[in-house]
Structures are given as structure tokens and as C-alpha cells.
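Peer 1: Give the three-dimensional model of this entry:
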Amino acid sequence: MPDGAMDMPVTFAPEAGNARQLRDAFGRFATGVTVVTAPSEDGPVGIVVNSFSSVSLDPALVLWAPAKTSRRFRYFAAAKHYAIHVLSADQTELCQGFGKNAHAFDDIIHHLNAQGVPLIEDCLARFECTKTAAYDGGDHMIVVGRVDQAEMRDGDALTFYAGKFGQAAQT
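Peer 2: Residues are numbered from 1 along each chain as shown. Predicted coordinates:
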């Protein structure tokens, strides 16, 4: 294929029978990777999320969207306070740990804030939030939160693209 040439596009109308195609199309958008943590009746919990976005500077608002089919959904649907951790390129193992286990705090440095939210150390950014709204979003719930406290540091970002982890280098 000559430089700059692309494969022919695949065009389709999303429907139940081609959910994999839609998932693959969504995967063409490179995202950062976050872990959202919250307190729960079963102890601290975390979930890997790439549906994070800033919404507003004034007031400081962010959103994310947990899947309603997730076994962890009930924890986050009930959480009034939570933290969103933007992962650095060297935190792939931490991400995979939370992908497998909601309670993957044993081997990572963390502490609890005044609201009992587990805070993971050494992330690129962390946003401690209070839920202000939740909306139906099909098979997800869209959660909007006010940022009460933020922290950031320099480093390269962990990314997710086409089903694979990568990194975005800081310039």
C-alpha cells in the first residue's frame, strides 16, 4: 500500500448483530485510561474506565460512564464521593489488576480521604469528586461530578487504542 493510502472504510448501521463492529469503531478513538475508586459496604472498590471527560471549568465538572452490566456497577451507582485517577504509562499492571479485581488495593500505595474514598498514589492526575448528577445512557450510566480536589504530576500517559495499551509521550 503506498504511503498515505488507507484501506476502504467499512460502513454499517449499528444494530444488535454487529455490536463487535461498533465496539471496534469506538476503539479507533485513542483514550487515556483511568481507575475510578469509591468506598463501599464491601470495602474500597475500583473500576477501569476510559469514558472520562472534562465538562466544565466553572464550576469544575467531569463525567464518566460505568456499564450497567458491570458487577461493580452497584457500588458506583450508590457512591456520592469517588476519585478518578489518570494512569501513567508505567501503571499498566495496576490497570490490569483493577480490570480483574474490584478490590485490587493490596499491592498498591493508597490512602483514604476524609470521605473514605481510596486515593491511589503516583498517577498523572487525580480528581476527588462529589456526584452532582447521573443520567441514563443506554447500557451505561453517565455520572457527572464536581471536582473538590485535584492533583497532577509530569509523566507519560497510559493510552488505550484498538484494544491495546500504549502511551502518549509528554512533549
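
Peer 1: So which residues of the chain form strands?
Peer 2: Under the criterion DSSP state E, the chain contains strands at 31-32, 34-38, 45-49, 53-56, 61-64, 81-86, 110-112, 118-120, 125-137, 140-152, 157-161, 164-168.

Peer 1: Average pLDDT for the first one, rounded please.
Peer 2: On average, the pLDDT along strand 31-32 is 87.

Peer 1: Now tell me what touches it from outside.
Peer 2: Residues from elsewhere that reach strand 31-32 (CB atoms under 8 Å, 6 or more residues apart in numbering): 50, 51, 52, 86, 87, 157, 158, 159, 160, 161, 168. All C-beta atoms are positioned from the backbone trio N, CA, C, and that covers glycine.

Peer 1: Looking at those residues, which two lie furthest apart in space?
Peer 2: Comparing all pairs in the contacts of strand 31-32 by CB to CB, the longest separation belongs to 51 and 168, at 17.5 Å.

Peer 1: Compare those two and say which is more crowded by neighbours.
Peer 2: residue 51 (16 against 13; other CB atoms under 10 Å).

Peer 1: Mind pulling up the pLDDT for the nearest residue to the more buried one once chain neighbours are set aside?
Peer 2: Closest residue to residue 51 in three dimensions, ignoring its sequence neighbours and counting by CB to CB, 6 or more residues apart in numbering: residue 65, at 4.1 Å. As predicted, residue 65 sits at a pLDDT of 97.

Peer 1: thought residue 65 was touching residue 138?
Peer 2: No - counting by CB atoms under 8 Å, residue 65 stays clear of residue 138, with 9.4 Å between them.
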